[in-house]
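**Student:** task: produce atomic coordinates for the following.
(2 chains)
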Amino acid sequence: MRLAILTHLLAVLLLAPLTASAAPGDALTIPATVQIQPAELAAMLKAGDTPPILQVGFSLMYQQAHIPNSQYAGPGNKDDGLLNLKSHVDALPRDRLVVIYCGCCPWEKCPNIAAAYKQLTAMGFTKLRVLYLATSFGADWVDKGYPVTRGG
Amino acid sequence: MSRVCVAALALLLALAANAPAKSPVKLRPGDLAPQFSRSDLQGRPFDLRRGKVVLIDFWASWCAPCILAIPHLSQLQEKYRARGFQVVGLSMADSADTTRETMQKIRFNYPVLLGDAKLGNLYGGVLGLPLQILVGADGKILAIRSGEFPPNALDKEIAAALKKAGPG
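**Tutor:** As a prediction, the model looks like this:
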């Protein structure tokens, strides 16, 4: 038990630079008022209300499954990923509702979502919604039975 | 006649191309772990075969909890190696280069393979990390864990699986 705690502490200390560099943004800074819950977005989709939805995480996840009609616009943790995001939204009116999501990791550990949120906020989007996926896209969207498109 | 056959074949191919992607089967404890074989990042062949207790760790360099788990997994590999326990890391990073960079910074004492969407789908879809799957010596899935890493619980599960498997 003591050895396990010691190993964990050592791992946190030694690997901190590595994990910090992989976490450019902090999802905990995203205001709750901007977040949208999976059930709410699923209800919007069911009602036929489909805003632009962008997956700002990793392509390997998107290739396996994604929200129907969502587009890949990531990864948010890389400069070229943020450029990819910008190119997807550049032509949209800034008062248009736009939804972004990731779900690669637990919400507070996600390296993409906060960076993507900051980018779109800086671009002037006023009706931005960020899909809150507490654990992952798999656990909080797919496993709940919400609609999914398989394959890239 | 041959024109009819060609037309029918073309129609079948067109239908197959437009068919919706088959949904991967969601795996649960008790299911047989899908078998696979591929080379690790050092070029050594790896086969997931029955007869060993195996922990499959889906991870990626961008996944902070996955990175923090690696020293624990190396420790478990060391602790139970003599009893036939095997950890295998499946990197779900977007490239081999990214994975190799991480492997230069952290010590792995178990094989690391490059995963892809095909392998992810084989395991029911790897749609969030960390994801760990413990497979018994009989090839059946004993536990599926997603989210944060619980080292002590995992240690107990591995010990129980090895005990069930008998002397290795």
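
**Student:** now residue B:128: how far from residue A:127?
**Tutor:** Residue B:128 sits 27 Å away from residue A:127, going by C-beta to C-beta, to the nearest Å. To be clear about C-beta, it is placed using only N, CA and C from the backbone, and glycine gets the same treatment.

**Student:** who's more crowded, these two?
**Tutor:** residue B:128 (28 against 13; other C-beta atoms under 10 Å in any protein chain shown).

**Student:** isn't that one right next to residue A:104, touching?
**Tutor:** Yes - if you go by C-beta atoms under 8 Å, residue B:128 and residue A:104 touch, sitting 6.4 Å apart.

**Student:** find the centremost residue of chain A, please.
**Tutor:** Geometric centre of chain A, nearest residue: residue A:102, 2.4 Å, by C-alpha atoms, centre = their mean.

**Student:** for it, which non-adjacent residue is closest in space?
**Tutor:** Leaving out its chain neighbours, the residue that sits closest to residue A:102 by C-beta to C-beta, 6 or more residues apart in numbering or on different chains is residue A:57, at 3.7 Å.

**Student:** wait, the one you found touches residue A:78, no?
**Tutor:** No - Residue A:57 is beyond contact range of residue A:78, at 11.2 Å (criterion: C-beta under 8 Å).

**Student:** let me see the contact set for the residue nearest to the centre of chain A.
**Tutor:** By C-beta atoms under 8 Å, 6 or more residues apart in numbering or on different chains, the contact list for residue A:102 reads A:55-57, A:74, A:76, A:110, A:112-113, A:116, A:133, A:137.

**Student:** let me see the contact set for the spatially most central residue of chain B.
**Tutor:** Using C-alpha atoms, centre = their mean, the residue of chain B that lies closest to the mean C-alpha position is residue B:56, 4.5 Å off. Neighbouring residues of residue B:56 by C-beta under 8 Å, 6+ apart: B:33, B:48, B:88, B:90, B:123, B:132-135.

**Student:** please enumerate the strands of chain A.
**Tutor:** According to DSSP state E, chain A carries its strands in the segments A:35-36, A:53-55, A:65-66, A:71-72, A:98-101, A:128-131, A:149-150.

**Student:** nearest to chain A: which residue in chain B?
**Tutor:** Residue of chain B nearest chain A, by C-beta to the nearest C-beta: residue B:128 (2.0 Å).
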